[in-house]
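Novice: any chance you could fold what I've pasted below:
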Amino acid sequence: MTPKPVKRSTKRTGKPHVLVMFTGGTISMKIDPLTAAAIPALSGRDIVSQVPGLRRAARLTLEDYAQLPGPHVTPRWMWGLKQRIEAHLADPRIDGVVVTHGTDTIEETAFLVDLTTETSKPVVFCGAMRTLGEPGSDGPSNLLIAVQTAANRDARGHGVLIAVGEEILAASEAVKTHTQSLGAFKSGIGPLAILDRNGVRFVRGAVRRRFVKTGSIDPRVDLHVMATGSDDALLRASLARGARGLVIEGTGAGNVPPLAVPAIHDAIKSGVPVVITSRCGTGSVAPLYGYDGGGAQLQKMGCVLGGDLVGQKARILLMVALAAGVSDLALKALFEAS
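Specialist: Prediction:
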């Protein structure tokens, strides 16, 4: 879908100028009466018309960029969106950018933009867990909070943010932890800012950010989850189809069944980096166990321990690192940064 041309006024007003990009997701859907299921249907103007007070928060420019459900997003599409965001940030008339996005994959896209974009201007992602027509629809409030945040000078220098459920989370920390709850997104450290009666209030300092300078992304990274008795068949299938990197969600603090170890060894020997994360969702991986498949053995073998990154974010980081051609030592440092 080709984005519609953006019309901007050159006249400055007292309000911050926020550009809102609509890319799809539940926030842009309505219930189809024929299927009783949500489908993409709403334009940016349709959504904004349902948010009282939005235009009081900032001077707005709207761009209908796409209408993609979250699961339809691909790494290459994410990279194109990132480039479009950068183009808007380069415009001196724009004070901040808001991006609506499907919540199924919002944490991955926001993390990619955070990893690869140098700017002090606020970039705030938001979405919805319920469509506009459903009881308790959260899209309008999330969009309002996102615009208020992007218009807030205190948001500068905090990296890419995600505004959900009256909280503003760092894109590097936010994880979707529930399938349907309005409070689906959490950070293990807590929100950077909250919404109270006085507006958006920052309660934490800026997080330490990773940055990777690259002009592209390499999508050839596969993510695998370990379970009892998992062998190396799927790992070998990834290698056979040309994977340039593997991310493995191990058990506990980063361990794998012994049957998975041979393919991991072969991958590292052939120059394919292997990053170990945990399927637990919270906490850091660590080289605690020296048995066959334990984290200590995997690290000694040459695996990179993924710190506290969940698997889907470790995959994004490895994609941009491979595209940037970082060394083995630099790759290890990237994943250890927190």
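
Novice: tell me, how many residues neighbour Lys300?
Specialist: 11 (other Cβ atoms under 10 Å). (C-beta placed from N, C-alpha, C; glycine too.)

Novice: check contacts around it.
Specialist: Applying Cβ atoms under 8 Å, 6 or more residues apart in numbering, we find Lys300 in contact with Pro287.

Novice: what pLDDT does the model give it?
Specialist: Turning to Lys300, the model gives it a pLDDT of 97.

Novice: pop out the phi and psi values for it.
Specialist: phi -60, psi -30 (degrees, to the nearest 10).

Novice: from Ala37, how far off is Ser43?
Specialist: 20 Å (Cβ to Cβ, to the nearest Å).

Novice: which of the two has more neighbours?
Specialist: Ser43 (14 against 9).

Novice: contact partners for that one?
Specialist: So Ser43 contacts 22, 28, 64 (Cβ under 8 Å, 6+ apart).

Novice: could you dump those residues into TSV and include secondary structure and distance to Glu86?
Specialist: Formatted as TSV, those follow (DSSP: H, G, I helix; E, B strand; the rest coil; distance: Cβ to Cβ, whole Å):
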residue	secondary structure	distance to Glu86
Phe22	strand	18
Ser28	helix	23
Asp64	strand	19
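
Novice: next SSE downstream of the helix or strand harbouring Ala146?
Specialist: Assigning secondary structure by DSSP states H and E places Ala146 in helix 139-150. Moving toward the C-terminus from helix 139-150, the next helix or strand (DSSP H and E) is strand 160-164.

Novice: check which helices and strands that next one sits against.
Specialist: Here strand 160-164 touches helix 106-116, strand 123-126, helix 139-150, strand 167-170, going by 3 or more Cβ pairs under 8 Å, 6 or more residues apart in numbering; DSSP states H and E.

Novice: most surrounded residue in the contacts of Ser43?
Specialist: In terms of neighbour count, Ser28 stands highest of those at 30 neighbours, by other Cβ under 10 Å.

Novice: that residue touches Thr100, doesn't it?
Specialist: Yes. The pair Ser28 / Thr100 is scored as a contact, 6.8 Å apart, by Cβ atoms under 8 Å.

Novice: who touches both of the two?
Specialist: If you check Ser28 and Thr100 against Cβ under 8 Å, 6+ apart, the residues they both contact are 22, 47.

Novice: quick one on the thing from earlier: winner for burial among the helices and strands packed on strand 160-164?
Specialist: strand 123-126 (a mean of 30; mean count of other Cβ atoms under 10 Å).

Novice: contacts for that strand, please.
Specialist: Residues contacting strand 123-126 (Cβ under 8 Å, 6+ apart): 27, 85, 89, 96-101, 106, 109-110, 113-114, 117, 142-143, 145-147, 149-150, 155, 160-164, 168, 171.

Novice: residue ranges with poor pLDDT in the stretch 201-338 of the chain?
Specialist: Residues of the stretch 201-338 of the chain meeting the criterion pLDDT under 70: 338.

Novice: quick check: Arg55 is in a strand.
Specialist: No. Counting by DSSP: H, G, I helix; E, B strand; the rest coil, Arg55 falls outside a strand, being helix.

Novice: ok, and the closest non-adjacent residue to it?
Specialist: Nearest non-adjacent residue to Arg55, counting by Cβ to Cβ, 6 or more residues apart in numbering: Val48, 7.8 Å away.

Novice: would you mind listing the residues in contact with the one you found?
Specialist: If you count contacts by Cβ under 8 Å, 6+ apart, Val48 has them with 20, 54-55, 60, 62, 143.

Novice: ok, it to Thr100 distance?
Specialist: For Val48 relative to Thr100 (Cβ to Cβ), the value is 10 Å.

Novice: overlap of the contact sets of the two?
Specialist: Joint contacts of Val48 and Thr100 (Cβ under 8 Å, 6+ apart) are 20, 143.

Novice: related to what we said a few turns ago, between the contacts of Ser43, which is nearest Val261?
Specialist: Using Cβ to Cβ, Ser28 comes nearest to Val261 of the contacts of Ser43, at 45.0 Å.
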